[in-house]
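A.B. asks: below is the structure, and that's it, no one-letter string:
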């Protein structure tokens, strides 16, 4: 692959990778084109027909392999809908790294709508990492609207780390999950908004099987004049355990609306939600100042830790 | 050397002013370990916060190594070598023990170096170094981590505000050893500890008794401690110490 500096920079930010030195299965998408792809013996990546996107087939019992499918947009004004479906075979144990970086130096909005569907086989385990990042000095917005659907078979396990690093002007994030017996879902969302950014994040997790569990934790920092709305809903239809947590730091003129929701349709469902919004605690800043940090440095450390 | 000159601090109290610190003057020479004791509400913690810059005095001066630091911020004082161990350690979300020790040291510490500070306060470093400094840690663990971060600062003047508060009995013995060791190592540095504990008073060079915002007594440990034993200024039992080991 012949990557330019912006492409390399974005790939580093969202996936922590050197695009010229990738191993395992991968597909690099840049400005709506696949500029590099590799399947392996156990992981096959196939282009969809009719719509933009890929089917990713992971064979049963595949262990310790990874798939990288990062997306970068560098053309101002580009708008795309991309459908990626992951079929994870029974007993597989793999890591999937996605993410999208938009560099917009122009005056037109750039937008990526990524629709990811995961079909997680029995007893399979995945770790999914998705990072979003915006850069560039143009007046055009950087817009990312991810849809994540997770369908989990018995005793499967899915750990999802979904992070909006910074620089995303507008996002509408929608995540739905359905879990069968014994399935376990762990979600860690991190959202940073600043300037005039807007972020809406909506979760609907349905626990259908006995012994299924979900732990959904969203941490956000709203700075400047930005706005965040978090809808976290868990539905318990069986003997299951669900926990949601919205934990937000509000700064400057930021605004945050947290709407946790629990719905139990079984007497054996055990569901808990927690939600907290507040500014950075004064004693945290004072403590770090006694270690020699300025007030601004202390705030940065506290936010970096919070969004880790 | 720290010199406190005619320091006063008052707060608004139902239409009037309440004086917490009343015209105190005090010197803390280099190489000395000073313990400030006295009854609760006597102004001890406030005095430590005034020295660290967390509170601003209403009158008086604080001179540190010949420089008037009265108007300096917490950060500026810390950068000049003042360290402060909080009575109630602060909890964070996401910041790990290693992060805090590195920030405290102000330099790139290796993990092994950071672990050494945890070992000093009796914590098994391997188990704690990557833990978050949050409420999953017990009060005693947080307190020991707080002391470890302050030790990592290697400051010219270190203030400990009731280091025994919330700490368990085993850790308390360990803590005395830490102070004793610090005491042996300080040459141009000084330590100021706020405590009621007789065992801590016993390792002081000098004891200051603060009562109702004023210095009631001040003198060498050997002279003053016998007078204080049995009073609230020098408790022998485990008051304030968590008896759970």
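C.D. replies: Good, I have the coordinates. Just so it is clear, the model here is predicted, and its values are computed rather than measured. Residues are numbered from 1 along each chain as shown, chains lettered A, B, ... in the order given.

A.B. asks: for residue B:223, see how far away the residue in chain A positioned nearest to chain B is.
C.D. replies: Proximity of chain A to chain B (Cβ to the nearest Cβ) peaks at residue A:305, 3.4 Å away. All C-beta atoms are positioned from the backbone trio N, CA, C, and that covers glycine. Distance, residue A:305 to residue B:223, using Cβ to Cβ, to the nearest Å: 48 Å.

A.B. asks: got it, and residue A:77?
C.D. replies: Separation of residue A:77 from residue B:223 (Cβ to Cβ): 83 Å.

A.B. asks: same deal with residue A:89?
C.D. replies: Separation of residue A:89 from residue B:223 (Cβ to Cβ): 80 Å.

A.B. asks: with residue A:173 instead?
C.D. replies: Distance of residue A:173 to residue B:223, given as Cβ to Cβ: 69 Å.

A.B. asks: neighbour count: these two, which is higher?
C.D. replies: Each of residue A:173 and residue B:223 had its neighbours counted (other Cβ atoms under 10 Å in any protein chain shown), and the higher figure belongs to residue A:173 (23 against 11).

A.B. asks: quickly list what the closest residue to the more buried one other than its chain neighbours is bridged to.
C.D. replies: Distances taken as Cβ to Cβ, 6 or more residues apart in numbering or on different chains put residue A:201 closest to residue A:173, at 4.3 Å, once the chain neighbours are dropped. For residue A:201, the beta-bridge partners are residue A:173, residue A:230 (DSSP bridges).

A.B. asks: residues contacting residue A:201?
C.D. replies: Going by Cβ atoms under 8 Å, 6 or more residues apart in numbering or on different chains, residue A:201 touches A:171, A:173, A:175, A:189, A:191, A:218, A:228-231.

A.B. asks: hang on, the residue of chain A closest to chain B in a helix?
C.D. replies: Yes - under DSSP: H, G, I helix; E, B strand; the rest coil, residue A:305 sits within a helix.

A.B. asks: count the residues that sit near it.
C.D. replies: Considering only other Cβ under 10 Å, residue A:305 is surrounded by 19 other residues.

A.B. asks: so for it, what's the pLDDT?
C.D. replies: Looking at residue A:305, its pLDDT reads 95.

A.B. asks: any part of stretch B:90-108 near chain A?
C.D. replies: Yes - using Cβ under 8 Å from any Cβ of the partner chain, stretch B:90-108 reaches chain A at B:90, B:92-96, B:99-100, B:103-104, B:106.

A.B. asks: flag every buried residue along that stretch.
C.D. replies: Using 16 or more other Cβ atoms under 10 Å in any protein chain shown as the test for burial, stretch B:90-108 gives B:90-105.

A.B. asks: near chain A, which residues of chain B show up?
C.D. replies: Residues of chain B lying close to chain A (Cβ under 8 Å from any Cβ) are B:52, B:54, B:73-75, B:78-79, B:82-84, B:86, B:90, B:92-96, B:99-100, B:103-104, B:106, B:149, B:153.

A.B. asks: mind listing which of those are in strands?
C.D. replies: Counting by DSSP state E, the part of the residues of chain B next to chain A found in strands is B:82-84.

A.B. asks: residue A:140 contacts residue A:107, correct?
C.D. replies: Yes - applying Cβ atoms under 8 Å as the test, residue A:140 and residue A:107 come out as touching, 5.1 Å apart.

A.B. asks: now the common contact residues for these two.
C.D. replies: Shared contacts of residue A:140 and residue A:107 (Cβ under 8 Å, 6+ apart): residue A:76.
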